[in-house]
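> below is the sequence, then the predicted model.
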Amino acid sequence: MERRLAAIVCADVAGYSRMMGTDEEGTHATFKAHRSAIYPIILNHGGRLVKNTGDGFLLEYPSVVGALQSSIEIQTLMAERNSQLPADRLMQFRLGVHMGDVMADEDEVFGDGVNIAVRLESVATPGGVAVSGKAYQEANKHIRVPLVDAGTRRFKNIEEAISVWTWDPAGSEAPGSDLHHKSHLPAQYRTAIVGVLPFVNLSDQAEEYFSDGLTEDLIHALSLQSFFRVLSRNATFSFKGKDLSTRLIAREIDATYLIQGSVRRAGNKIRVTAQLIAPESGEQLWANRYDSDIGDLFAMQDELTTNLSAAIAPEIFRAEASAPGRPSADPTAWDRFLKGLSHYYRHTKADFEQSIDLFRQAIDLDPSLAIARAYLATIMVQGVQYGWIKSTRALWSEAMCLAESSVQLDPRSSFAFGLLSYMHAMEGNHDAAMDAAKRSVRLNPYDMGARGVLGICHFSRGEHEQAIELFSTAVQRGNSDPRYKWTALLAFSHYLLKQYDACLSWAREAMYLNPNHLQVLSVRTAALAQSGRREEAAKATAVLLNCFPSMTVERHLRNFRWKNPADIAHYREGLLKAGVPSN
């Protein structure tokens with residue numbers, strides 16, 4: 001058996017089992033076609049196919065530079081091929097690259113060099129490449145594209161921790177020696193700077209890797225937001241183990257907010273506590289505790305990262321919105337936007353009207369301010385749904401234009417693509433809505449708004465079980481964000497499944513926040529009628545018509561463009577049973 005130094009690339013297809021469950025023959029044929037297309041790239045860089053693995057393949061290269069260059073070219077080609085396909089036929093590879101000693105037996109290769117490449121593939125993003133630190137050190141000088149330091153990982157059955165570097169075709173800049181992750185906003189608008197301090201390990205020293213890994217993952221998750229800047233790992237890990245005040249640390253690194261926390265392990269349980277601090281005042285803006293069973297370590301770490309990011313990001317938005325305005329004789333677009341945001345968080349009809357005016361002022365001062373456009377479209381549509389703003393074709397056309405322009409101005413914003421998806425769903429463009437929603441999730445997998453908007457796409461297509469699953473996840477993890485009304489959507493989803501008690505329960509929850517929400521009052525009325533609760537339905541109808549005297553069934557339904565006519569018919573039936581006027 002021969003031993004040799006080799007570069008190994010392991011590949012698989014993200015979501016392959018799900019795709020095969022939907023269409024075995026089509027998925028297999030697509031996979032073979034892609035494999036044939038990338039095979040010349042493998043040969044051009046001196047690689048050879050060691051074996052196919054059903055949903056992927058294993059490659060060996062004599063040069064790690066060739067292996068990495070080949071991997072990047074493969075993913076670039078796949079991105080081009082996928083751009084020509086509908087959303088339901090996308091196929092994305094994940095590639096892991098490592099250089100190490102392997103054992104060769106005939107045409108097969110074995111050993112830790114292969115095992116590490118396999119583990120790296122599992123942490124690569126769909127469409128991306130994960131590279132070991134050893135391979136990166138050897139190849140980096142010869143690679144023209146930047147790779148991002150993803151920290152150190154411990155893998156199952158691998159004795160030593162492995163440093164990981166990543167690349168994806170979206171072209172996210174590597175932080176390099178720069179202190180900050182780059183924001184998607186112009187420099188003059190980057191008001192909030194967030195520092196994530198190393199989470200304190202309260203267990204024995206052997207658990208240190210987990211607290212550090214959780215901190216690094218949270219830095220990455222928050223950096224995907226386009227509203228604020230997040231300091232890099234190098235900026236905050238220098239304070240690890242030092243007993244310094246948060247105010248001193250914040251001044252040292254110029255942070256507006258700091259996140260700190262701890263990790264404690266007891267038997268098969270892990271407890272994570274975290275808090276968001278405004279260091280200058282010492283105010284604790286948010287705090288929470290998360291308990292988790294130890295199973296698959298990386299799955300648990302990802303779950304905790306998602307929970308933390310989903311909870312913290314909206315709190316930073318809220319804190320920025322409520323911060324005192326800066327005195328200025330010449331207000332900037334960003335000042336107008338933040339003032340509009342502060343009114344939006346109060347969630348009253350009068351504040352909505354002021355928000356709309358302030359967001360328009362911000363856009364007039366700076367037409368390139370994408371986030372102001374996205375919020376303006378959001379608040380206009382919400383105002384219609386609440387019954388506070390009259391629904392007109394001109395309003396919906398303007399909201400769609402705002403959504404499209406916000407994506408064009410900030411193509412890396414998960415929020416912008418989520419808004420565009422929502423607008424397409426409301427207009428009945430169901431395929432376009434699904435495409436934009438999936439793009440939103442890819443841009444920020446930790447954004448509960450993106451997951452929920454994907455649920456809206458399923459909902460509008462009549463796929464209510466899938467919608468409920470996504471809405472439920474969003475409401476559990478990201479319910480403090482006023483841009484999204486998961487409780488109202490859950491009420492509608494359960495109604496359309498004829499689960500009227502659940503519908504009424506979620507409608508009651510939604511009415512705690514806004515007791516005069518037009519759509520919630522309407523679906524509640526329909527659910528009571530369908531449940532045979534005639535007296536309660538009559539009272540609910542009276543409340544609905546008292547709040548909205550001009551309400552009729554047909555006028556209400558003209559903005560509903562659900563794909564399944566039976567869903568609209570079912571909703572109409574409930575409203576008519578309750579006694580809501582037809583025309």
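Thanks, I have it.

> pLDDT weak spots in the stretch 51-200 of the chain?
Across the stretch 51-200 of the chain, the ranges flagged by pLDDT under 70 are 84-89, 156, 170-191.

> what is the mean pLDDT for stretch 319-332?
On average, the pLDDT along stretch 319-332 is 62.

> so how far is the first residue of it from its last?
Length of stretch 319-332, first residue to last, CA to CA, to the nearest Å: 19 Å.

> what does stretch 335-351 give?
End to end - CA to CA - stretch 335-351 spans 17 Å.

> list the buried residues in it.
335-344, 351 (16 or more other CB atoms under 10 Å). Every C-beta, even on glycine, is put in place using the N, C-alpha and C of the backbone.

> from those, which is closest to residue 72?
Nearest to residue 72 among the buried residues of stretch 335-351 is residue 337, at 37.9 Å by CB to CB.

> residue 285 versus that closest one, what's the distance?
20 Å (CB to CB, to the nearest Å).

> now do the strands in the stretch 151-300 of the chain.
Ranges of strands in the stretch 151-300 of the chain, per DSSP state E, counting those that start in this stretch, are 162-167, 193-196, 200-201, 229-230, 257-266, 269-278, 283-293.

> ok, residues contacting the last one?
It stands for strand 283-293. With contact meaning CB atoms under 8 Å, 6 or more residues apart in numbering, strand 283-293 is reached by 257, 268-278, 300, 303-304, 307-308, 311-312, 315, 319.

> element containing residue 101, please.
Per DSSP states H and E, residue 101 falls inside strand 93-105.

> can you list contacts of the following helix or strand past that strand?
Later in the chain than strand 93-105, the nearest helix or strand by DSSP H and E is strand 108-110. Taking contacts as CB under 8 Å, 6+ apart, the residues outside strand 108-110 that touch it are 6, 8, 50-51, 58, 60, 102-104.

> buried set for the helix or strand just after strand 108-110?
Following strand 108-110 in sequence order, the next helix or strand is helix 112-123 (DSSP H and E). Neighbour-count burial for helix 112-123 flags 112-121, 123 (criterion: 16+ other CB under 10 Å).

> how about residue 273, what does it touch?
Taking CB under 8 Å, 6+ apart as the test, what residue 273 contacts is 261-262, 287-290.

> rerun that using 7 Å as the cut-off
By CB atoms under 7 Å, 6 or more residues apart in numbering, the contact set of residue 273 is 261-262, 289.

> helix, strand, or coil at residue 5?
Here residue 5 is recorded as strand under DSSP: H, G, I helix; E, B strand; the rest coil.

> could you report the separation of the residue lying closest to it once chain neighbours are set aside from residue 152?
In this structure, residue 5 finds its nearest non-sequential neighbour in residue 101, 6.0 Å apart by CB to CB, 6 or more residues apart in numbering. From residue 101 across to residue 152, the span is 21 Å (CB to CB).

> where does residue 379 land on pLDDT?
According to the prediction, residue 379 has pLDDT 95.

> nearest spatial neighbour of it, skipping sequence neighbours?
In space, residue 379 is closest to residue 355, 5.5 Å off (CB to CB, 6+ apart).

> tell me how far the one you found lies from residue 383.
Distance of residue 355 to residue 383, given as CB to CB: 9 Å.

> likewise for residue 80?
41 Å.

> measure how buried residue 36 is and give me the count.
9 (other CB atoms under 10 Å).

> now do the one 5 residues further on
By the other CB under 10 Å criterion, the neighbourhood of residue 41 contains 17 residues.

> the one 3 residues further on too?
Residues within reach of residue 44, counting by other CB under 10 Å, total 12.
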